[in-house]
Structure formats: structure tokens, C-alpha cells
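J.: I'd like to go over a predicted model; first the sequence, then the structure.
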Amino acid sequence: MSNVTLHEYLDDKPREECGVFGIYAPGRDVARLTFFGLYALQHRGQEAAGIVSCDGMRANLHKGIGLVSQVFNEQNLSPLVGHMAIGHTRYSTTGGQHVRNVQPYLIETLYGPLGVAHNGNLTNALTLRQLLLKRGVGLSSTSDTEMMTQILAAPVEVWQQEGIYVEQDPHDHWIARIRAMMEAVAGAYSLALLTREAIYAVRDPHGLRPLSIGKLPEGYVIASETCALSTIGAEYIRYVEPGEIVRIDDRGLTSFKGVPPAPKRSLCVFEFVYFARPDSILDGQVLHKTRQYMGRKLAIEAPTEADIVIGVPDSATPAAIGYALQSGIPYSEGLTKNRYIGRTFIQPEDGLRRQSVNLKYNALTSNLEGKRVVLVDDSIVRGNTSRPLVQLLRDGGAKEVHVRVSSPPVRHPCFMGVDMATYKELIAHRLDVAGICEHIGADSLDYLSLPGMLDAIAEAVGFRNNYCTACFSGQYPVRIPEWLFEEDRDKTIFESMWGN
């Protein structure tokens, strides 16, 4: 456990790799607003954070390892002057936990400063790395975001030599460069870019990762989730469309065609299951309601006789409420959560490590004593915490524990910006439902089916959309290179650093 945080050890959840934020608002303290925007997006990444600001000439950067509140203070926020800024909070999917991989990236180019904040993951990163190294571009990190930054910094003519042709825009040098980058890269990306003239929002043609737009009286805001907009008093307008480039400057908001959108949109369905905050809006609906619908559908598909329904706090609470409403079984609280222990970077000693779930959860014995309990969770990935949780409920007096999961079994890894486990680590890839039930020690176990989950989302939002369900179905919306499926893929990434 020496190389993982306690939070990683305790949470059997996939980790969204990051959240991005951008603001153009003359007359406002944009660095402070970005800080609070990132604070609202803290759930999307808790390893590192950074902010770049610009006054139209000079850009200023501060970033570091830790939570947003640990990285920033009054002293290092005050130099971040200007009328526009971008920010980032991250987990690492590509690139390790090292300050050189912390975003945003900031470099100087022919047309002034360029700041880049990226949510997602590139599937052709090795090819791009080799191409940049052969062209003599020096790379200081293992992050694919740095490669995107270098691609954006290069003249369009460089990429035309590689067969990538885009029209130059005489009024905006960056639009052509962004288009060239979008043609060159593959995979998932939602970007907040900063130049000395403007903020740009860019989204991949599949729309794999979300990116919303909000309006302030003085300007505009972009953010991975709408909860960050409401935190700073911005009015939600819409999401950036797949393949779209949005420029925000002194002329307001302008939309450009980046690359043609994919035939089917592929927003990550795990945003609905777990990643996004319950007060955020996706497909026009607040997520808390959508997750309740998923819980209702779960109760229809997987009923059981029980006395109370409880949820694994806090992420499964809406689904547990939905299950209770549909089944008629009373909703109660059976677990309390220490909301701080899981975020520490201090490792427990061996005795506490063996009781890791007890560090984060406590059973409410007065609610559990002699009860048949339905325990609703939003997902089971590695199976690390489900067994201790079931045992914790039994120790708290529960007579029976029936586990219900408001998403399908996670059987396939993700390569589009989620730190999902390899095949070897995924419990649902190794065991069937009966085997998982035995492993976690539950009286029964059932999952929401994939069609049931998609039906529940469609019922909640009022229409049927297309989503990426690769972690459940194994059907990826983009081509995945074979090496990414290898168990020793980290070795391949490491070797690529040296151009091998």
C-alpha cells in the first residue's frame, strides 16, 4: 500500500481523473472564482490542483500536490491577476503522482502564453509521443496533456506535413491549431485553454467527458460540471457540443466547428452512476433524480423481502431512496461516514489497515438490530470494501444483508479518462454474480441490468440518448490499441518515455 493514498485504499470506486474550469470575467477576481469552482469539482480529482491566470499580456501559474484547499491560500492566489483564468484538479490516469504532471500546463508560444487543462485520456498517446520526440520536441512529463500542449504550440504547417490539413483563420491563429490538434489526437478530451486573448472550450467528437458553459454578468464560465457554475453564481447555459470549439473573449461567446461529431454521442454513463455530483445537471436533469430512477428500476428488477433499505453513503443515497420508494420498504440510515479520513495522505499502520472500512464507516446499531437489510451501492469494481461493509452491518446487528447495485457489473477496463482497474483486478471479470455474492458474504446480490439502467436514465431525462457503456458492455466508442489491454501496460508507457 505504500504507493497509494488511504482514500484509494478505502474506496472501491473508479476514479474520474479530473475536473476543469475556465473563466473570462473582466472586473472580477477570476483566480478566487476559479478556486471556488475547483473546490466544487474536488470530487473529480483529489491528487493535485492548479490555476493559470492572464491579464492579456502575462500569464501567472500556481499548482501543487494536494486538495484544492491545501494547494491554494491568500498568499499564492493574490499574484494570479488578470481577467481570465483556467484551473484543474486531478487524479492521475496517465502520468504518475508527480508535480511535473500537475495541470494546467503553461508554455510560451509564438503568439504568447498557452495554458492547457485537460479532462480525459488519449488512446493514441504512444504514437503521438513518438512523433513529437522524432520532431525534436522535449517532453518533461508522462502526461498526455503535455503532448496536446506541444501539438497546439506547433505551427499548423508542421501537422500538414503529417497529412493533417486544416484551413488557417486569418483572425484567430488558435482556431486552426486547435483543429489540427483535434485531427491528430484520439480518445477523450474536454479542454479549457488559455491564451493572451481568450479562453477556449474544446470537446472531443464523441463527447466522452462533460464540459458545461455558464453566464456571469461580466462574462462566461466553463466547467466540467454545472455544480461549479452555481457555486460562483453563474447561470447554466448549455454543454459544449461534441467536436465543438467555443471561444470566450471581449466579443462574448463564439462557436466554431472543430471536427465533425461522431455519429453517436458517447458521454460516459458512469457520470450518471457515480462521478458527477448529485446536484449537477446532465441531459437536462438533476442527477439526484436520475439516480433515484435507477434505484426504482433496481427495485423492480431485483426485489427482496426486507425491513429497511440503506445506502452506502454518500454516493448511493439517491439510488437507495429510489429503491425504498418503489419497493415500499422503509428507507433508513445504517452507516455513518467519516468524510475526512478517506482524503488523508497519511498511511494507516498495519492494525488499522486490516480494519480499513472501520476507519471510514460506522454502523448505526440501533437501526440495524434484528433487521433484514437491503444495502444499495452504486457500483462494485474490485470488491475491496463490499465484504467488510457487509460484515460491519452484521456486527451491527443486521439479521440479513441483501446487496443491490444500481449499475451493471463492471467487467471491462476504461481507457477514456477513468482510472478503472485492469481485467485482472475487476471482480466481475473473474467471478459471476453468485461468486461475488459468496465473496462479499451477502445473503443475496443483484445488479441493475444494462438495459434497465439505460431505461431508467431515459425515463428520468425524458428522452433516450447514446452513452459510452464500455466498462459494462466491452463495446468501446473509439478504437483501443491492443497494448492497452496488457497487464504490463505501465511498462510500455515507461519505455515510451525514452522513445523505445
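T.: Sure thing, it's come through.
J.: Quick check: buried residues in the helix ranked longest in the chain?
T.: If you go by DSSP state H, the chain has its longest helix at helix 287-301. Using 16 or more other C-beta atoms under 10 Å as the test for burial, helix 287-301 gives 287-288, 290-299, 301. From N, CA and C alone the C-beta is placed, and that goes for glycine too.
J.: Could you do stretch 472-482 as well?
T.: Quick answer for stretch 472-482 (16+ other C-beta under 10 Å): 472, 476, 477, 478, 480, 481.
J.: Same question for stretch 237-251.
T.: Buried-residue list, stretch 237-251, by 16+ other C-beta under 10 Å: 239, 240, 241, 242, 243, 244, 245, 246, 247, 248, 249.
J.: Distance check, the fifth one against residue 398.
T.: From residue 243 over to residue 398 the distance is 50 Å, taken as C-beta to C-beta, to the nearest Å.
J.: about what we covered before: now, the buried residues of stretch 472-482 that are in helices?
T.: residue 472.
J.: Local confidence estimate at residue 102?
T.: At residue 102, the model reports a pLDDT of 89.
J.: Break the chain down into its domains, please.
T.: 6-265, 281-479 (automatic domain parsing).
J.: With distance to residue 272 added, can I get the ones you listed in a markdown table?
T.: What follows is these, written out as a markdown table (distance: least, C-beta to C-beta, whole Å):
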| stretch | distance to residue 272 |
| --- | --- |
| domain 6-265 | 11 |
| domain 281-479 | 6 |
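J.: so who does residue 476 touch?
T.: 415, 468, 470 (C-beta atoms under 8 Å, 6 or more residues apart in numbering).
J.: ok, and the closest non-adjacent residue to the second one?
T.: The shortest distance from residue 468 to any residue other than its chain neighbours is 4.1 Å, reached at residue 266 (C-beta to C-beta, 6 or more residues apart in numbering).
J.: and residue 273, which of the domains of the chain is closest to it?
T.: Closest approach to residue 273 among the domains of the chain is made by domain 281-479 (4.6 Å; C-beta to C-beta).
J.: gap between the two ends of that closest one?
T.: 29 Å (C-alpha to C-alpha, to the nearest Å).
J.: What of stretch 369-384?
T.: By C-alpha to C-alpha, the extent of stretch 369-384 from end to end equals 25 Å.
J.: Could you do stretch 149-168 as well?
T.: 19 Å.
J.: Direction included, what does the biggest strand by length in the chain pair up with?
T.: Longest strand in the chain, counting residues (DSSP state E): strand 112-122. Strands that pair with strand 112-122, judged by DSSP bridges, come out as strand 105-109 (antiparallel), strand 187-194 (antiparallel).
J.: now, which of the buried residues of stretch 237-251 lie within strands?
T.: Per DSSP E, the buried residues of stretch 237-251 map to strands at 239, 244, 245, 246, 247, 248, 249.
J.: just these now: which is nearest residue 370?
T.: residue 239 (48.2 Å).
J.: how much space between that closest one and residue 21?
T.: On the measure of C-beta to C-beta, residue 239 and residue 21 end up 15 Å apart.
J.: Please, which helix or strand holds the residue in the chain sticking out farthest from the centre?
T.: Ranked by distance from the centre of the chain (C-alpha atoms, centre = their mean), the top residue is residue 370, with 39.2 Å. Element membership for residue 370, per DSSP states H and E: none, as it lies in no helix or strand.
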